[in-house]
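Engineer: Sharing a model that was predicted from the sequence below.
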Amino acid sequence: MRIEPLRAGFGATIQGIDPAREADASLRAALQDAIDRHAVLVFPGQRLDTEGQLRFSRIFGELQPTLAARRDGAAAAGPREVGSIGNVDALGRTVGAGERQRILQLSNLLWHTDEAFSVDRGRYTFLSAHVVPPEGGATQFVDMRAAFSALPVREQNRLLLLRVRHSLAQSRRLAGTPALAALEEDRFPAVWHPLVHAAADGRLALYLASYACAIEGWNDDDARREIDRLMAAATRPELVLEHRWREGDLVMWDNFCTMHRGTPFDDQHHRRQLRRTTVSESGARARRTALTAAA
Ligand code: OGA
Ligand code: MN
């Protein structure tokens, strides 16, 4: 396995492994170490099928059913753990701009980290590219460990014990879909998470997202201003790592030390089809415990 860092300490390209093949214990350990260190891993041109992606993702823990599967139940097509991202649905049909899948995914264009609005958050997300538009539709990442360490120490200390409220409805409002926000408010009650936590490499990281809507003990205006300020500082253009997809790429990231967002593309004329799997926070934790016990 060859690791080529994309920039100092954030993002790496992995060459020389076949994610479709069964991984032995030493490869698993090397992959875990690589994601802990680099936070975003790019595996170019893998062309994984759904089975291959499921198997590779499960190296890192149990998967979460997609939001669509949880909301729509049996009506969702395909395996419950595999999400269709873009304007092609699970049956290969192009989805129009006003259709449900597109509206539900508008919030992917806002800086976020996956499933921050859940008690059992998204830990690792895997996206594989099946159809890529000729331009646009890149995915961007920022390093939330770097975002924390860039703050003055006085400010770091002030943030350490704060808790932030995350709600899916908040990002629906920001995405310009208030009717959906009202529905989501009831389906997915908001949750609290610490603003600062230790990332896998031991460094402290900010944990924020478009879902952030309140700070414990703060009035709404002050909280909004503080969240916006921290989000803006974390996502300064010079900090952004952009992945321009090529067909067959697989990218995975650690949601506990990054934020990401999709970028627009001409969805009237072009198709974009990515498949997503996500290891839950509890799934990743259970796997680590099992590994430690076995060692
Ligand atoms: C996601 C997501 C961004 C993109 O699937 O969780 O945020 O570029 N996707 O599609
Ligand atoms: Mn996402």
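Structural biologist: Structure received. Ligands and ions are numbered 1, 2, ... in the order given.
Engineer: ok, the worst-scoring helix or strand of the chain on mean pLDDT near ligand 1 or not?
Structural biologist: Comparing helices and strands within the chain by mean pLDDT, DSSP states H and E singles out helix 67-72 as the least confident, with a mean of 85. No. Against ligand 1, helix 67-72 shows no contacts by Cβ under 6 Å from any ligand atom, the least distance being 9.5 Å. Any C-beta I mention is one placed from the backbone N, CA and C, and that applies to glycine too.
Engineer: what's the distance between whatever helix or strand comes next after that helix and the middle of its chain?
Structural biologist: Tracing the chain C-terminally past helix 67-72 and defining elements by DSSP states H and E, one meets strand 83-86 next. Between the mean C-alpha point of strand 83-86 and the mean C-alpha point of its chain there is a distance of 13 Å (Cα atoms, centre = their mean, to the nearest Å).
Engineer: which other helices and strands contact strand 83-86?
Structural biologist: Using 3 or more Cβ pairs under 8 Å, 6 or more residues apart in numbering; DSSP states H and E as the contact test, the elements touching strand 83-86 are strand 273-280.
Engineer: can you tell me the average pLDDT over the strand it packs on?
Structural biologist: Regarding strand 273-280, the rounded mean pLDDT is 97.
Engineer: how about it: buried residues?
Structural biologist: Gln273, Leu274, Arg275, Arg276, Thr277, Thr278, Val279, Ser280 (16 or more other Cβ atoms under 10 Å).
Engineer: What of stretch 26-38?
Structural biologist: If you call a residue buried by 16+ other Cβ under 10 Å, then stretch 26-38 has these buried ones: Leu27, Leu31, Gln32, Ala34, Ile35, Arg37, His38.
Engineer: Can you tell me which of those is closest to Pro189?
Structural biologist: When those are compared for distance to Pro189, the smallest value, 30.2 Å, is given by Ile35; criterion: Cβ to Cβ.
Engineer: pretty sure that closest one contacts Phe60?
Structural biologist: Yes. Here Ile35 lies in contact with Phe60, judged by Cβ atoms under 8 Å, at a distance of 7.5 Å.
Engineer: Mutual contacts of these two, please.
Structural biologist: When contacts are counted by Cβ atoms under 8 Å, 6 or more residues apart in numbering, the set common to Ile35 and Phe60 consists of Tyr124, Met252.
Engineer: about what we covered before: who's in contact with the least confident helix or strand of the chain?
Structural biologist: Contacts with helix 67-72, where a contact means Cβ under 8 Å, 6+ apart, come from Ala76, Arg80, Glu81, Gly83, Gln101, Leu104, Glu115, Arg187.
Engineer: give the contact list for the second one.
Structural biologist: Neighbour list for Arg80: Pro65, Thr66, Ala69 [criterion: Cβ under 8 Å, 6+ apart].
Engineer: Spell out the residue ranges of the strands in the stretch 51-200 of the chain.
Structural biologist: Ranges of strands in the stretch 51-200 of the chain, per DSSP state E, counting those that start in this stretch, are 83-86, 122-131, 139-143, 163-166, 191-194, 196-198.
Engineer: Can you list the strands that the last one pairs with?
Structural biologist: According to DSSP bridges, strand 196-198 has the following sheet partners: strand 204-206 (antiparallel).
Engineer: same question for the helix or strand just after the partner strand, mean pLDDT?
Structural biologist: Next in sequence after strand 204-206, counting helices and strands by DSSP H and E, comes strand 212-215. Averaging pLDDT along strand 212-215 gives 98.
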